[in-house]
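A.B. asks: give the three-dimensional model of this entry:
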Amino acid sequence: MWDRTGVREDEVAECYGAHADELVRFAASLVGSSDADDVVSAAVLGVLRTRTERVDDLRAYLYRSVLNAARKHWRTLDRRARREAIRYDEAVETADPRPEIAAALARLSPQQRAVIHLTYWEDLTPSTVAARLGIGEGTVRRQLARARSKLSEVLDDH
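C.D. replies: Numbering: from 1, shown residues only. Coordinates of the predicted model:
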């Protein structure tokens with residue numbers, strides 16, 4: 001199934017084909033719908049370039065790769081915003097409450113957004129979220145609690 005030079009391209013293509021929609025939804029919850037396809041593409045290319053001897057669960061590996069690509073995307077955006085001296089908070093001002101929610105979600109770490117998305121939008125259990133992200137169930141529960149606390153704090157200010 002796997003060789004010493006990395007993940008086989010046909011297996012990645014098959015797994016991606018089976019789970020593309022959910023990977024894009026997951027990425028959209030992390031970076032927004034306009035960048036989701038790019039993040040997933042970067043993640044899949046990264047998997048194809050990775051030299052790994054063994055991957056037990058390719059689907060979970062792809063989820064983790066999407067999360068890592070989203071983190072890289074946010075770091076890039078953060079550097080760009082600092083360079084241009086534009087703050088996200090100042091750019092989003094409207095009477096529509098959805099931007100406030102989007103802004104609150106944007107203040108979470110990529111892992112917290114991932115846990116929130118998989119728990120509430122995908123309606124997954126903490127153990128399933130842990131398996132998808134390749135992290136411990138305790139980590140999922142801690143990140144979920146921290147995310148809820150941060151969202152409550154940010155949204156109560158509005």
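A.B. asks: surely L151 is in contact with L105?
C.D. replies: Yes: using C-beta atoms under 8 Å, L151 and L105 qualify as a contacting pair, with a distance of 7.4 Å. Yep, even glycine has a C-beta here, placed from its N, CA and C like the rest.
A.B. asks: list residues touching both of the two?
C.D. replies: The contact sets of L151 and L105 overlap at I116 (C-beta atoms under 8 Å, 6 or more residues apart in numbering).
A.B. asks: in the protein, what helix or strand scores lowest on average pLDDT?
C.D. replies: Here the helix or strand of the chain ranked lowest by mean pLDDT, DSSP states H and E is helix 88-91, holding a mean of 46.
A.B. asks: after it, next one along is what?
C.D. replies: Remark: after helix 88-91, the chain's next helix or strand is helix 97-106, criterion DSSP states H and E.
A.B. asks: helices or strands up against that next one?
C.D. replies: Applying 3 or more C-beta pairs under 8 Å, 6 or more residues apart in numbering; DSSP states H and E, we find helix 97-106 packed against helix 88-91, helix 137-156.
A.B. asks: so the helix ranked longest in the chain versus helix 97-106, what angle?
C.D. replies: Using DSSP state H, we find that the single longest helix of the chain is helix 58-84. Relative orientation of helix 58-84 and helix 97-106, computed by axes from the mean of the first three to the mean of the last three C-alpha atoms, to 10 degrees: 100 degrees.
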